[in-house]
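In: Make a model of this:
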Amino acid sequence: MRSPYQMQKFNEDDTSGTNIEDYTQLIVDLLSFGQTLCKKKHGIGKRLSKEVMRATQGKARLLLPCQDSSAGRDIPFPVSVSFPVRFRNRIFGTLEIAPDSTHPASPALPLPVAQLLANTCGSLLYTLELSAFIEGQCQRLDSQVSGHLTRREQEVLALICRGNDQRAIATMLSITPTTVDTYRKHICWKLGVHSERDIPLAAYQAGLFSVLDESPSISSISPAGRS
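Out: Sure thing, here's the model as predicted:
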């Protein structure tokens, strides 16, 4: 039985070369495979490149500057068309598409599919790089949650994690900066950290904060006084 995270190959019996189900499944499986690499700190690019090559039966090759010759950079690969692999302004590498075996003047993958594959690889690499960086930073923390945060402490924590300084938090919560500092010290103690700079990482690691959280108690806080 095929692993749920193992990408299936294209249907070899599809002579039209435009089987939308195969192409859709490629992207779905690629995203699922990316989850297996989450929080890995080594070999991410190499494993993703091998999976792209394997899953497309050699129709596409993902090239990353950090790869060495063992990743297949020195293997001859005829190129019909190539796309930059990027996420916003960050360029990670190049996705090369081989010529079609029966129609050498055309690429082996439809251009929209190749572009989608390049965009998917870019999004995955950005996400995996960020998750690996955060995981590495979290591992250096010797933190352990030792107490339940009050509702007000949760509000202060969320505002700290969103980059607000002490004065801005005081204005937004209509309390004094001294009171904010008291809450900050309580939060540091309960999260087991010694510096306010470590609060966001410790809170994220403990599942106490997410930038996606738009709960009314936080989103309703007035931003007045923020610089």
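
In: what mean pLDDT does stretch 113-129 have?
Out: For stretch 113-129, mean pLDDT is 96.

In: Would you mind extracting the C-alpha trace of it into PDB?
Out: Presented in PDB, the C-alpha positions along stretch 113-129 are these (Å, rounded to 0.1, in the frame of the first residue of the first chain):
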ATOM      1  CA  VAL A 113       1.300  22.800 -14.500                       C
ATOM      2  CA  ALA A 114       5.100  23.500 -14.600                       C
ATOM      3  CA  GLN A 115       4.400  27.000 -13.300                       C
ATOM      4  CA  LEU A 116       2.200  25.700 -10.500                       C
ATOM      5  CA  LEU A 117       4.800  23.100  -9.600                       C
ATOM      6  CA  ALA A 118       7.500  25.800  -9.400                       C
ATOM      7  CA  ASN A 119       5.200  28.000  -7.200                       C
ATOM      8  CA  THR A 120       4.400  25.000  -4.900                       C
ATOM      9  CA  CYS A 121       8.100  24.200  -4.500                       C
ATOM     10  CA  GLY A 122       8.800  27.900  -3.600                       C
ATOM     11  CA  SER A 123       6.000  27.900  -1.000                       C
ATOM     12  CA  LEU A 124       7.200  24.700   0.500                       C
ATOM     13  CA  LEU A 125      10.800  25.700   0.700                       C
ATOM     14  CA  TYR A 126       9.900  29.000   2.400                       C
ATOM     15  CA  THR A 127       7.700  27.200   4.900                       C
ATOM     16  CA  LEU A 128      10.200  24.500   5.600                       C
ATOM     17  CA  GLU A 129      13.100  26.900   6.000                       C
END
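
In: Mind listing what's buried along the host helix or strand of residue 91?
Out: Using DSSP states H and E, residue 91 sits in strand 90-97. For strand 90-97, the neighbour count (16 or more other Cβ atoms under 10 Å) marks 92, 93, 94, 95, 96, 97 as buried. (C-beta placed from N, C-alpha, C; glycine too.)

In: Tell me the one of those residues nearest residue 124?
Out: Closest approach to residue 124 among these (Cβ to Cβ): residue 92, at 9.4 Å.
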